[in-house]
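Peer 1: kindly return the folded structure for what I paste below:
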Amino acid sequence: MTQEFYKEAIQHPIFKLIGETSQELDTDSFVIGGFVRDYLLKRGTPKDIDIVVIGNGIELAKKVASKLKGKPQVSIFKNFGTAMIKYQELELEFVGARKESYHHDSRKPVVEDGSLEDDQNRRDFTINAMAFSLNQSSYGQLLDPFDGLGDLEKKLIRTPLEPGITYSDDPLRMMRAIRFATQLDFTIELKSLQSITENKDRIKIISKERIVDELHKIILSKKPSIGFKLLHQTGLLPIILPELTALQGIEEIEGQRHKDNFWHTLEVVDNISENTDDLWLRWAALLHDIGKAPTKRFHKKIGWTFHAHEFVGSKMVYKLFKRLRMPLNDKMKFVQKMVLMSSRPIVLSEDHITDSAVRRLVFDAGEYVEDLMTLCEADITTKNPRKQRKYKNNFQIVRKKIVEVEERDHVRNFQPPVSGEEIMQVFNLKPSKEIGIIKEAIKEAILEGEIPNEYEAAYQFMLDKGKKMNLKIS
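Peer 2: Model (predicted):
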């Protein structure tokens, strides 16, 4: 790559302005990190831009903001010595060059002012230590002390310093190495990979929120299994998600075996990632079988069973989210619901599909029935082409049936045609269990296809039911 190519990277007027302002303040400034990496990889122009300053980054940020149109606000983070400007589509973060040292029991460094070389030394990977100069005498020059450019070409994740120092100092970098390898489809240098294994227990000093942030990025990558295989290989996965590694292994008793549910799960996550970018649906795919480890049993007559693994798994989702300090809100409930219902369409696709069964599926899944079908289709991991065709065809039949039933019976997000208030009024009742019994009976009658999901039919059914319960019409 030529020097002209590097200069092209910083043609945006904002870089010229930062360079000129830096010169006025008698400081040097550089674009560093992700912007440089992604530009050289031709991954588009990143919107998050890190500027490292040999001097006071906050002072430079304030001066730059005062010259920009509209004089955007400068957000200052004194604890970190950084300042951020949001300008047009860009987020510019300014920080003074620094060197860091760490205590063994913390990932919070002792920070001192430093040179550009110090700042590049403290970076996590060679591909993130490259910088473009914004200074007049060397504008656009690539500063690459660790041959990050060569590692980009080799598709290699490598640390600038000894990997044991890099990972022990800040153990989150172990997760970041695996995340970058997953996102970029790069290989982690062997020495670095071994060092992650040696330092794996250091991950315990990292906050759950930071770990989950990296997990999210792995799950949202094109092929998440790359990351989960590396997490497994290095021993990080049993520490972070023991529910997943508990699925690994194949047992054989009396010639009967079950599949390895860990490797099956990784296939399912890759499958679903081809069809959805929904983070929480991908989480559902990752966790859909976690109930199989605690429910695994062997019966001489029927072989291996995992009875109620969906129910057990949905309960485990709550504990897992709580332990990882993930949101205990509608996102978690969605994942729980997907795990709980993950086998329902599969059972339907194997049996003769009745309208009643489809109505119940749509009723229970509600607005998430499409997500549920996407999850179940991703669950097809058989390598037998004939079986694969059969399962996919069966799911298409189920999908078609869902559309037909929904158009006719409108049970998605079901609202009873007759309200509780009307039941009270008709039978002159106060709030009581009888009202619930009648409402439930109407719902069941609709789902079973005994009556259509229409007011007149439901009203007449209510009268008949009330008569059988010896209720008097007022």
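Peer 1: which residues of the stretch 101-250 of the chain fall in strands?
Peer 2: Ranges of strands in the stretch 101-250 of the chain, per DSSP state E, counting those that start in this stretch, are 110-113, 131-133, 142-143, 156-157, 187-188.
Peer 1: for the second one, packing partners?
Peer 2: Same thing as strand 131-133. strand 28-32, strand 142-143 (3 or more C-beta pairs under 8 Å, 6 or more residues apart in numbering; DSSP states H and E). Just so you know, the C-beta spots here come from the backbone N, C-alpha and C atoms, and that holds for glycine as well.
Peer 1: quick check, residue 301 in a helix?
Peer 2: No: with DSSP: H, G, I helix; E, B strand; the rest coil as the criterion, residue 301 is located in coil rather than a helix.
Peer 1: and residue 58, what element?
Peer 2: Assessed by DSSP states H and E, residue 58 sits inside helix 57-67.
Peer 1: skip the chain neighbours and tell me the closest residue to residue 391.
Peer 2: Of all residues not flanking residue 391 in the chain, residue 380 sits nearest, at 4.8 Å (C-beta to C-beta, 6 or more residues apart in numbering).
Peer 1: which SS class is the one you found?
Peer 2: Three-state call for residue 380 (three-state DSSP): coil.
Peer 1: sorry, back to before: paired strands for whatever helix or strand comes next after the helix holding residue 58, with orientation please.
Peer 2: Downstream of helix 57-67, the next assigned helix or strand under DSSP H and E is strand 74-77. Using DSSP bridges, the strands paired with strand 74-77 are strand 82-87 (antiparallel).
Peer 1: quick one: average confidence on the partner strand?
Peer 2: Average pLDDT, strand 82-87: 93.
Peer 1: now residue 188: closest residue in space, sequence neighbours ignored.
Peer 2: residue 157 (4.5 Å).
Peer 1: residue 86 now?
Peer 2: residue 72 (6.1 Å).
Peer 1: run a quick neighbour tally on that neighbour.
Peer 2: Residue 72 has 17 neighbouring residues, counting by other C-beta atoms under 10 Å.
Peer 1: go on, residue 325?
Peer 2: Neighbourhood size, residue 325 [other C-beta under 10 Å]: 12.
Peer 1: ok, it touching residue 206?
Peer 2: No: Residue 325 lies out of contact with residue 206 (C-beta atoms under 8 Å); the separation is 11.8 Å.
Peer 1: from residue 133, how far out is residue 139?
Peer 2: Relative to residue 133, residue 139 is positioned 6 Å away (C-beta to C-beta, to the nearest Å).
Peer 1: more neighbours, these two?
Peer 2: For residue 139 versus residue 133, the count of surrounding residues by other C-beta under 10 Å is larger for residue 133: 20 against 15.
Peer 1: tell me how far that one lies from residue 115.
Peer 2: Distance of residue 133 to residue 115, given as C-beta to C-beta: 14 Å.
Peer 1: report the contact partners of the residue nearest to residue 188.
Peer 2: Counting by C-beta atoms under 8 Å, 6 or more residues apart in numbering, residue 157 touches 125, 127, 151, 177, 180, 181, 186, 187, 188, 189, 192.
Peer 1: number of nearby residues for the first one?
Peer 2: Read it as residue 125. There are 26 residues near residue 125, going by other C-beta under 10 Å.
Peer 1: list the contacts of it.
Peer 2: Applying C-beta under 8 Å, 6+ apart to residue 125 gives the contacts 148, 151, 157, 158, 159, 160, 173, 176, 177, 180.
Peer 1: quick check: the second one vs residue 37, distance?
Peer 2: Right, the one you point to is residue 151. For residue 151, the distance to residue 37 - C-beta to C-beta - is 10 Å.
Peer 1: now the common contact residues for those two.
Peer 2: Residues touching both residue 151 and residue 37 (C-beta under 8 Å, 6+ apart) are residue 127.
Peer 1: pretty sure residue 147 sits against residue 126.
Peer 2: Yes: counting by C-beta under 8 Å, residue 126 is a contact partner of residue 147 at 6.5 Å.
Peer 1: who has more neighbours, these two?
Peer 2: A direct count of neighbours by other C-beta under 10 Å for residue 147 and residue 126 places residue 126 higher, at 25 against 17.
Peer 1: residues contacting the more buried one?
Peer 2: Contacts of residue 126 by C-beta under 8 Å, 6+ apart are 146, 147, 148, 151, 158, 159, 160.
Peer 1: most neighbours out of those residues, which is it?
Peer 2: Most neighbours among these, by other C-beta under 10 Å: residue 148, with 26 neighbours.
Peer 1: which residues touch that one?
Peer 2: Residue 148 is in contact with 37, 125, 126, 127, 128, 129, 130, counting by C-beta under 8 Å, 6+ apart.
Peer 1: returning to what we had before: which residues are contacting the helix holding residue 58?
Peer 2: 17-18, 21-22, 24-25, 27, 29, 51, 53, 71-74, 76, 78, 81-85, 87, 92, 94-96.
Peer 1: which of those residues are buried?
Peer 2: 18, 21-22, 27, 29, 51, 53, 72, 74, 76, 81-85, 87, 92, 94-96 (16 or more other C-beta atoms under 10 Å).
Peer 1: and the pLDDT at the residue nearest the centre of the chain?
Peer 2: Central residue of the chain (C-alpha atoms, centre = their mean): residue 216, 3.4 Å from the mean position. We have a pLDDT of 98 for residue 216.
Peer 1: without its sequence neighbours, what residue ends up closest to it?
Peer 2: Nearest non-adjacent residue to residue 216, counting by C-beta to C-beta, 6+ apart: residue 279, 6.1 Å away.
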